[in-house]
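Engineer: Quick one, what's the 3D model for this:
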Amino acid sequence: MSFYTLGAHARQAHASPSISLEKGAYRMRAPRKRNVPAPLNLDPTVTSQSSSSTTSTSHGIERYLFILVFLLVLAVFSCFGVAYYLFTTSPRVA
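Structural biologist: Numbering: from 1, shown residues only. Down below sits the predicted model:
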């Protein structure tokens with residue numbers, strides 16, 4: 001004798017996805033629509049009021065990228081320099 005019986009809803013909840021699709025219990029929703037902003041015009045040949053602000057912004061970004069790359073290169077050289085110093089000054093085990 002069975003002490004545990006499943007109801008119709010419980011059997012449907014544990015059914016395979018293909019059976020749920022056949023019964024129509026599962027429906028996909030369309031993705032939400034997003035407003036896409038207009039692309040920025042980064043062409044420096046265009047002359048307008050907003051172009052001067054975008055070119056100054058792009059120059060600022062380029063400057064920060066240059067500083068970042070320079071600091072990374074400096075960090076790499078200093079790490080290798082410290083490692084070489086520690087390697088050359090370490091006591092040798094014979």
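Engineer: In the protein, spot the helix with the most residues.
Structural biologist: helix 49-89 (DSSP state H).
Engineer: avg pLDDT for it?
Structural biologist: Per-residue pLDDT over helix 49-89 has a mean of 88.
Engineer: just stretch 32-40 next, same as before
Structural biologist: If you average the pLDDT values across stretch 32-40, you get 75.
Engineer: Flag every buried residue along it.
Structural biologist: By 16 or more other CB atoms under 10 Å, stretch 32-40 has no buried positions at all. Any C-beta I mention is one placed from the backbone N, CA and C, and that applies to glycine too.
Engineer: Roughly how far does residue 63 sit from residue 56?
Structural biologist: Distance of residue 63 to residue 56, given as CB to CB, to the nearest Å: 11 Å.
Engineer: How about residue 75?
Structural biologist: Taken as CB to CB, the span from residue 75 to residue 56 is 29 Å.
Engineer: same thing with residue 38?
Structural biologist: 20 Å.
Engineer: Kindly report the same for residue 37.
Structural biologist: Distance of residue 37 to residue 56, computed by CB to CB: 20 Å.
Engineer: go on, residue 28?
Structural biologist: 46 Å.
Engineer: of those two, who's got more company?
Structural biologist: The neighbour comparison of residue 28 against residue 56 (other CB atoms under 10 Å) goes to residue 56, with 10 against 6.
Engineer: need the contact list for the more buried one.
Structural biologist: Going by CB atoms under 8 Å, 6 or more residues apart in numbering, residue 56 touches no other residue.
Engineer: And the one 5 residues further on, by the same measure?
Structural biologist: When the contact criterion is CB under 8 Å, 6+ apart, residue 61 has no partners at all.
Engineer: Distance of it relative to residue 75?
Structural biologist: From residue 61 to residue 75 the distance is 21 Å (CB to CB).
Engineer: now residue 91
Structural biologist: The spacing between residue 91 and residue 75, counted by CB to CB, is 28 Å.
Engineer: Which of those two has more residues huddled nearby?
Structural biologist: Between residue 91 and residue 75, counting by other CB under 10 Å, residue 75 is the more crowded of the two (10 against 5).
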